[in-house]
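Novice: here is my input; please provide its structure:
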Amino acid sequence: MSFQPVVPITGYAGWTFLTRTLDRQETLYAQSPEISRKIQYFKENIGKITTAEALVADRRLLEVALGAFGLDGDIDNRFFIKKVLSDDLTDPKALANRLADKRYLSFSKTFGFNNPAGPATGSAGFADRIAEAFGKKGFEVALGEQDQSLRLALNLTREIGKIADGAVSDDGKWLSVMGSEPLRRVFDKAFNLPQAFAALDLDRQMDTYRAKAARLLGVTQFDQFGSADVQERLIRRFMVHSEIEAGPSGFGPAQAALAILMS
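Specialist: Predicted coordinates for the structure are as follows:
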């Protein structure tokens with residue numbers, strides 16, 4: 001039987017329980033037989049891989065590589081992945097540069113198959129870093145099978161700080177959120193935005209995000225999302241609105257009281 005995250009309660013109360021037990025649960029997930037075998041194979045063999053073609057040819061290695069970036073759904077799109085990894089990233093027309101989802105760009109940069117100095121696959125600590133990320137992302141997937149809202153919230157805590165600390169403009173950071181479906185889902189729910197919002201002009205979307213962030217969270221610069229306190233306030237709003245949308249079965253007295261206090 002595969003590892004199952006322990007989530008005894010839904011909503012924001014479930015989130016607080018998860019954060020208290022997260023380190024232990026992630027460790028147990030990584031140590032489960034199936035996952036530990038995949039990690040061990042990756043660590044033993046990734047250093048031998050020097051081309052994108054070689055990586056996509058080994059499904060077991062590719063599974064861990066993609067999983068570390070949350071891209072495991074592309075495991076069968078080998079030609080696409082090979083191009084993402086092979087294109088020259090100094091070319092603005094490179095596929096990874098043109099894709100709205102910047103996880104692909106991060107994936108390509110991290111492996112560095114088109115780096116003149118050679119790929120990163122054989123460098124010290126590389127296999128450990130990818131294996132650790134694979135374990136954390138895999139735990140998120142397992143968590144999502146029980147509670148998708150908790151998975152989205154956990155993903156946000158891993159990704160939003162990287163964007164906040166990035167060396168790009170404030171506009172560029174908002175665009176990174178807008179280009180990530182998992183992050184958008186958290187922001188849109190926390191800000192109570194309708195599904196049709198995503199169809200608006202990008203400038204209007206960005207203006208709305210900024211206005212909502214300032215009014216609801218006191219955030220005037222995206223860098224402030226690097227703060228654990230700001231992230232927690234965003235997640236609290238997201239979890240409460242998710243409970244409201246779930247209806248009576250998922251929205252009990254404690255959650256209702258929290259929603260009233262938040263308003």
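Novice: which residues touch stretch 37-51?
Specialist: 30, 54-55, 58, 60-61, 63-65, 113, 118-119, 121-122, 126-128, 130-131, 134-135 (CB atoms under 8 Å, 6 or more residues apart in numbering). All C-beta atoms are positioned from the backbone trio N, CA, C, and that covers glycine.
Novice: pLDDT score assigned to the most centrally placed residue in the chain?
Specialist: By CA atoms, centre = their mean, the mean C-alpha position of the chain lies nearest to N155, the distance being 4.1 Å. N155 carries a pLDDT value of 94.
Novice: same check, this time on A167
Specialist: pLDDT at A167 comes out at 89.
Novice: can you tell me the SS state at it?
Specialist: Classification of A167 by DSSP: H, G, I helix; E, B strand; the rest coil places it in coil.
Novice: report the contact partners of it.
Specialist: No contacts exist for A167 under CB under 8 Å, 6+ apart.
Novice: can you check the one 3 residues further on too?
Specialist: When the contact criterion is CB under 8 Å, 6+ apart, the partners of D170 are 221-223.
Novice: top of the residues you listed by neighbour count?
Specialist: The residue in the contacts of D170 with the most neighbours, by other CB atoms under 10 Å, is F222 (23 neighbours).
Novice: ok, for that one, nearest residue in space, not its chain neighbours?
Specialist: K173 (4.1 Å; CB to CB, 6 or more residues apart in numbering).
Novice: that neighbour and Q40, how far apart?
Specialist: Distance of K173 to Q40, computed by CB to CB, to the nearest Å: 37 Å.
Novice: same drill for these two, tell me which one is more crowded.
Specialist: Per other CB under 10 Å, whichever of K173 and Q40 has more neighbours is K173, with 19 against 11.
Novice: pretty sure that one contacts K162?
Specialist: No - at 10.1 Å, K173 and K162 do not qualify as touching, with contact defined as CB atoms under 8 Å.
Novice: for the chain, what spans make up the strands?
Specialist: With DSSP state E, there are no strands along the chain.
Novice: what comes up buried for the biggest helix by length in it?
Specialist: Taking DSSP state H as the criterion, the chain has its longest helix at helix 11-31. Across helix 11-31, burial judged by 16 or more other CB atoms under 10 Å covers 11-15, 18, 22, 25-26, 29-30.
Novice: could you dump stretch 72-86 to CSV, C-alpha only?
Specialist: Taking C-alpha atoms only, stretch 72-86 is exported to CSV below (Å, rounded to 0.1, in the frame of the first residue of the first chain):
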residue,chain,number,x,y,z
ASP,A,72,5.2,14.7,-14.2
GLY,A,73,2.1,14.9,-16.4
ASP,A,74,4.4,15.4,-19.4
ILE,A,75,6.1,12.0,-18.9
ASP,A,76,4.8,10.8,-22.3
ASN,A,77,5.5,14.1,-24.2
ARG,A,78,9.1,13.1,-24.9
PHE,A,79,9.7,15.2,-28.0
PHE,A,80,8.3,18.3,-26.3
ILE,A,81,10.5,17.7,-23.2
LYS,A,82,13.6,17.1,-25.3
LYS,A,83,13.0,20.4,-27.1
VAL,A,84,12.5,22.3,-23.8
LEU,A,85,15.8,20.9,-22.5
SER,A,86,17.8,21.3,-25.8
